[in-house]
Structures are given as C-alpha cells and as structure tokens.
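>>> Provide a 3D model corresponding to the input given below.
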Amino acid sequence: MKLTIIIRKLQKQDEPSIIDICFITGDELLKKILPDPYLFSLLWCLYYVWYEIENVFVAENSKTKKIVGYILNTFNTKQQEADYKKKMSSHIKDKIKELKIKSPRTRITVSFILNRPTSRKRKKILEHYPAHLHINVLPDFQRQGIGHMLMQALEAHLKENNVKGYHLEVGTKNKQGINFYKKYNLELLHKNRLSHFFGKKIKQV
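Residues are numbered from 1 along each chain as shown. Model (predicted):
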C-alpha cells in the first residue's frame, strides 16, 4: 500500500514521538556519551517542543497515525540561544542529577552544548540567515520525499512570517545529510573540520 504522509503542526501529545525520533536519529558517538533518550532530547529538541511549538512541523503516517519525522525551527537564533540556556539549564542539570551521572565526558559535553560560544563566522551568518532548523526522519522512512515535504512546509511558514533566511549545521561526517541539503539547493555558507553550514534566503512577496 502506498505511503501517505500528512505534514501538520506539532501537538503537545506528540512529545514522546519527538523524543524517540530525536534519539533514534541522533549521532552515534553522542548517544554513547548521552545514553538516556530524555536527557538527549532535553539537549537537542525539547526546547522547541515546549517553547516554540508553533514553529514545529511533524510528518504523520496517515494510516498508522505514527509520527515518522519532524522539523524544528526558531525565527531568531540569537534570542533562542539565550532563551535555551536560561530555560533548559535547570531541566538538564536536574536530569543529570536524577540519573546520577558521574562521567566527566558526559558533563563536559553537556557544559559545551550549554555554553557553546558563537563564532565570528556564525555571527555573520546570522545577519542574513537569522532562523535555524533541525530536521530528522526515521531511517525506515528516509529517501521517500518526507524531508522535502517538511522543508517546504517550513519555508512557507517562514515566508508567512517575513523571515528573511534560515541556516542549519550538519556534521562533516554526515554525508547523507550534506547530500540532502545540496539536493535541496541550499547554499554552503561555511565549513570547517567538524561542520558544514548551509543556508537559504526566503523570497518575500
């Protein structure tokens, strides 16, 4: 039977699915350092679910009603990064305490994510591409056009809200992700040993 996907706004009851997808599709090395799915999601996706739900779209299998992918977004990266640290730090620290995590590697990684400085190059990117996104689709549903559907929904949303451009960061080793963004005609804005930064300007009417 042909797969039919519905793209819709995130609803509060979708949170467990977002947590699952975030962890399943997460970087394998990071999952070894951060092996708890909820802690992993506190760091990477739950800010958007809790505080920017209006900027999150999901891909739903119309037959099973299962969420198979999502795209997270913020219009103003600079403001979001400040809000993220202020609003999420206590949740993250409480979860680490609850899990009784003693690993220095885990604590160093969490500290880096919470306190990551904005490079001079990235500050320049934010001038023209102020929004950013995160997109993940379950492995069994990749390469079926779902990522494109999510990107199209987000771009329409950004255009409606007069956002002039968006960017994203993908790991240099993530060849599949890099190829997807190239295929979607995103511009390579910058790359270094660890990451590639892609972006796109939104044409306003």
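>>> C22 contacts Y47, correct?
No. When contacts are counted by CB atoms under 8 Å, C22 is not listed as touching Y47 (11.4 Å). Quick note: C-beta positions are derived from backbone N, CA and C, even for glycine.
>>> buried residues of stretch 117-129, list them for me.
Neighbour-count burial for stretch 117-129 flags 122, 125-126, 129 (criterion: 16 or more other CB atoms under 10 Å).
>>> next: stretch 27-44.
Across stretch 27-44, burial judged by 16+ other CB under 10 Å covers 30, 34, 36-44.
>>> which parts of this structure are helices?
Ranges of helices within the chain are 15-24, 28-33, 37-44, 46-51, 77-99, 104-115, 120-128, 146-160, 175-183, based on DSSP state H.
>>> so which of these gets nearest T4?
Closest approach to T4 among those (CB to CB): helix 146-160, 11.1 Å.
>>> which residues does that closest one contact?
Outside helix 146-160, the residues that touch it by CB atoms under 8 Å, 6 or more residues apart in numbering are 5, 7, 55, 57, 59, 68-71, 73, 75, 131, 133, 135, 137, 166, 180, 184, 200, 202-205.
>>> now do that helix: distance to the chain's middle.
On the basis of CA atoms, centre = their mean, to the nearest Å, helix 146-160 sits 14 Å off its chain's mean C-alpha point.
>>> likewise stretch 8-15?
Averaging C-alpha positions (CA atoms, centre = their mean) puts stretch 8-15 15 Å from its chain's average.
>>> so for that stretch, what's the average pLDDT?
Average pLDDT, stretch 8-15: 98.
>>> can you give me the buried ones in it?
Residues of stretch 8-15 classed as buried by neighbour count (16+ other CB under 10 Å): 10, 14-15.
>>> shaky segments in the chain?
The model of the chain has pLDDT under 70 over residues 1, 205.
>>> center of the protein, which residue is that?
H134 (2.2 Å; CA atoms, centre = their mean).
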